[in-house]
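K.L.:
Got a sequence here, can you build the structure:
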Amino acid sequence: MCYLTHGYRKNDDDVIKSAIFEYGGSQIIIVRDIEFYSMCEHHILPFFGKVHIGYVPNGSMVGLSKIARLVEVFARRLQVQERLTKEICDSLFKTLSTHGVIVMIEGQHLCMQMRGVEKQGAVTTTLEYTGCFNEDSKRAEFLRLLGK
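P.N.:
Numbers count the residues shown, from 1 in each chain. The predicted structure follows:
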C-alpha cells in the first residue's frame, strides 16, 4: 500500500520547480496520453486511464517529464477523478505562472466494473481549466488538437 500512496510523500511544487526553463513561445504546449493509476478513496479500488494536459507559457516552460511526474504525485493518493483533475490543473497554473492550463482525464473505475452496476468499458471524462482556457476558442483548440 505504501507504493500506491507514495504521492502523499511528494511535493508538487518541488517536482515542477526542479525543471523550469525560460521560453519565449506563446502557443499551447500539450502532453497527452499520460497513463495514470490511482485508488478510489470511496471504495479503495483502482481507477486508471489517460491524462491530457495543455498550457500556454508565460515566459517559462517545464520539462516534459515533470508533467508526467506531477500526475504521479496526485494520482498516487487516495483520490476521486474530479479532484485529481483539479489538483493537476491548479498546481501547474500556480507554480508555472502560465497564461492558462487545461487538464482532461479519461478514466475507467473498477468500482463501477467490479461491483454495483458492473458496467464494463464505461469511461468517465473530467475537464478542468483556468486562465486563457476560459475562452471557448482556446478550449476548442485544445480539444481539436487532441482529436476530441
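
K.L.:
How about stretch 55-75, which residues are buried there?
P.N.:
55-57, 61-62, 66-75 (16 or more other CB atoms under 10 Å). No exception for glycine: its C-beta is placed from N, CA and C like everyone else's.

K.L.:
Now for the protein, the helix or strand with the poorest mean pLDDT.
P.N.:
helix 110-113 (a mean of 85; mean pLDDT, DSSP states H and E).

K.L.:
Name the strands paired with the following helix or strand past it and say parallel or antiparallel.
P.N.:
Once helix 110-113 ends, the next helix or strand along the chain (criterion: DSSP states H and E) is strand 124-131. Using DSSP bridges, strand 124-131 pairs in its sheet with strand 100-109 (antiparallel).

K.L.:
one step back: return the member of the buried residues of stretch 55-75 nearest to Ser38.
P.N.:
Nearest to Ser38 among the buried residues of stretch 55-75, counting by CB to CB, is Ala75 at 4.3 Å.
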